[in-house]
Structures are given as structure tokens and as C-alpha cells.
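Trainee: Below is the structure, and that's it, no one-letter string:
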């Protein structure tokens, strides 16, 4: 089965949903997981086949013999093999979906980092422009003799530092874009993320039991563990069926110079005298117990992740809303007061530079809170199995 062609790199900015579809479509690792499902289907086709007959021929000085033997799995071995192969298909499909979930999780964090990195660069660029506008005020007052050249020197130093911060933010944004492009298997792409960086109204508290009831059946890790358990239990049934002997029916045609031509019929069957395949059965039982414990572990981990995600999303959203209300609302007045104080001679250059730097720091602190909120919201989607519909 040939892999689907990779989706082309978009020229326009992409949303989170669009980016995740690209990742699911383009990642070779996910395509490999899907091929594992095809391999499991091939096993099912093989399990449906009947055993091949054995044809023999022998020759003696006065006799020739043609024979054919056909094994007959009359004790349910073939049906058990088919059912085991079908369970293998289900397990392979569940693990492929779990791989998609893992890839989307990594990609979503990369997208959020790119979105925030773009905004960080914009904050530093805006801060640089604000400093340049403040510089015109400072130079105007120096030329008017109201300020000393010391103010100009301090301003030049701060502008050099600001240029360095802009360059560092630009490098960080390009690094985030490169990582996002790599996850989408489009290394030459220069992605641009599109999304909101503002927190909406605080989410209402959600009930864990209700969310778990809805999420328990669609979480890929839990479904994969359940599929493994189903197959492991079927392997126990298969091992017990395989322990039963398979009779073989044979027919032979004999040509003898003395006795003439005649046909022989016969039945042969293994006698489970020494090897009763108990070792294979015991191993299958142990593997079923292991699969049951892994399912329990997967359920406990999923419940813990959901509880943590519920807690964190409430805390992170509350932090962003509180900071927007108490912190960002004072940025514009602080900026205006600093400029007015400097123009009126009530403040020095250090106060003006400090005020401009404080504004940038407040905006960057807000971005860090927003990044944490976006990651927490995504983790809640992962913990509830509420992921976008994508097809590798």
C-alpha cells in the first residue's frame, strides 16, 4: 500500500486545526503505523486459509505409490486463529490512533510556542519603536538645552540593548517555526501561526465524573490497552485450541506388479503423550494478566491526567484574566505618565527608560501566562479525548 502524497506547505498563516491536519497527513512515522494495520489485515487473510495438503510419491522395483495427506483442523483451531487475527487488527488500529494522539500532542505544543514566539517578537519590535519615539523627545530636549548629553548616551545604550533583544526574539521565533515545520515534515516551510492570545470568560467548573464518563471510551491510550487485553485473552483461547491434535486424512494409490492396483485410505493424529502444549497456554495466561494490569495502569494514568488538566486549566485561565485586569490595564497610563514627566522635567532619562522596559516586561509576562493557559487548554482536550478529526 503506497503512502498518501504529502500535503503542500500553505502560503498563508495556519490555525491549530489546520496545522494538526498537516502533521497527521505528512509525518512518515504515522504512515508507518497505518501500514502496521495493513500488516494485521494480512495476518487475518492468512488465518482464513486452510492447511495445505501434502503430496508424496515413492517408487520401488515392483511398486509405485502416489499419496496425498490433508490436515483437518476440526477442533476449532482455524476459527480461533481468525478471531485472534481480527483482535490483532483492532489492536493495531488502536495503537495507530494512540500514535496519532502522541504526535498531535507534540505538534500542538510546538504550535503554541510558535504563536507566542511570534507575539514576543512583535512585543520587542513595538518596544523598540516606542524607544525610538522616546528618543526623538530626548534628542529634542538635548538640542533645546533642557537636557544633558548624558541622557543621549544612556538612550543610545538602551537602544543597542533593545536591538539585541529584538534579534534574540527573532531567532527564537525562527527556531519555533523550524520545529513546527519539521513536525509537519515540511522542512523548507516557514510557518506562521494564527490564533487568539486573549483569554475568554472564565470557564465554569466541570464535573470530573461526567467528563470521565464521556472520555473513558474515546481515549486512545485506554482503547489501545483494552484492545491488547482482548487480543491477549483470545491468545489464551487460541493456545488451548492449538493444544488439541489436528487429524490428517490420507489417500494413496498403489500400483503393484503382483497385487495389481489398489487404493489405501488412512487417518493419522498426534498423540499428546509428552507435549501437551501447556507451556504455550501458561505463557498466554501470563500475557493476559500483564495486559489486564497495563489496562488498569492506563485507566489510572488517564484519570490522573484528567484531574490535573481540569485543575490546571482553571488556575491558568484565572491567572491570565487577573493579570489582564490588574497588570495590562495600567500599561498605557504608565507609558503616558513617564513621557509627560520627562517632558516637564519631573523625571530623568533613567525613569523614562525604566518605564518603557517595564511595559515590555509586563507584556512578556502576560505572554508567558497565555502560553501556559494554551498548553493547559490543550492538555484538557487530550485528557478528554476531544481531539480534532484528522486522517493520517
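Mentor: Right, received. Where do you want to start? Please read all numbers here as calculations on a predicted model, not as lab measurements. Numbering: from 1, shown residues only.

Trainee: Okay, now the unreliable bits of the stretch 51-200 of the chain?
Mentor: 137-138, 141-152, 200 (pLDDT under 70).

Trainee: can you pull out the strands in it?
Mentor: Ranges of strands in the stretch 51-200 of the chain, per DSSP state E, counting those that start in this stretch, are 54-60, 63-71.

Trainee: could you say what helices and strands the longest one packs with?
Mentor: Contacts of strand 63-71 with other secondary structure elements, assessed using 3 or more C-beta pairs under 8 Å, 6 or more residues apart in numbering; DSSP states H and E, are made with strand 54-60, strand 248-256. Every residue, glycine included, has its C-beta placed from N, CA and C.

Trainee: Just the angle for that strand relative to strand 248-256, thanks.
Mentor: Here strand 63-71 runs at an angle of 170 degrees relative to strand 248-256 (axes from the mean of the first three to the mean of the last three C-alpha atoms, to 10 degrees).

Trainee: can you check the shortest one too?
Mentor: Using the same axes, to 10 degrees, the direction of strand 54-60 lies 30 degrees away from that of strand 248-256.

Trainee: ok, back up a step: what about the helices and strands packed on strand 63-71, which gets the closest to residue 165?
Mentor: Nearest to residue 165, of all those, is strand 54-60, at 79.9 Å by C-beta to C-beta.

Trainee: Quick one: residues in contact with stretch 171-181.
Mentor: For stretch 171-181, the surrounding residues in contact (C-beta atoms under 8 Å, 6 or more residues apart in numbering) are 9, 19, 107, 110-111, 113-114, 117-118, 120-121, 187-193.

Trainee: With stretch 70-89 instead?
Mentor: Contact with stretch 70-89 is made by 37, 40-41, 43-44, 46-48, 50-51, 53-54, 227, 230-231, 234-235, 237-238, 241-242, 244-250, as judged by C-beta under 8 Å, 6+ apart.

Trainee: what is the mean pLDDT for stretch 325-339?
Mentor: Across stretch 325-339, the average pLDDT comes to 62.

Trainee: hmm, back to that, deepest of the helices and strands packed on strand 63-71, which one?
Mentor: Burial of those is given as mean neighbour count (mean count of other C-beta atoms under 10 Å); strand 248-256 ranks first at a mean of 15.

Trainee: average model confidence for it?
Mentor: 92.

Trainee: Mind naming the longest helix for this protein?
Mentor: Secondary structure assigned by DSSP state H gives helix 77-143 as the longest helix of the chain.

Trainee: would you turn the strands of the stretch 51-200 of the chain into a markdown table with distance to residue 319?
Mentor: As requested, these are arranged in a markdown table below (distance: least, C-beta to C-beta, whole Å):
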| stretch | distance to residue 319 |
| --- | --- |
| strand 54-60 | 74 |
| strand 63-71 | 70 |
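
Trainee: Those: which one's closest to residue 293?
Mentor: Residue 293 sits nearest to strand 63-71 of all these, at 37.1 Å, using C-beta to C-beta.

Trainee: distance between that closest one and the chain's centre?
Mentor: On the basis of C-alpha atoms, centre = their mean, to the nearest Å, strand 63-71 sits 57 Å off its chain's mean C-alpha point.

Trainee: Provide the strand pairings for it, with the direction of each partner.
Mentor: Partner strands and pairing direction for strand 63-71 (DSSP bridges) are strand 54-60 (antiparallel), strand 248-256 (antiparallel).

Trainee: looking at those strands, which is closest to residue 126?
Mentor: Minimum separation from residue 126 across the strands paired with strand 63-71 (C-beta to C-beta) falls at strand 54-60, 82.4 Å.

Trainee: Which ones among the contacts of stretch 70-89 lie within helices?
Mentor: 37, 40-41, 43-44, 46-48, 227, 230-231, 234-235, 237-238, 241-242.
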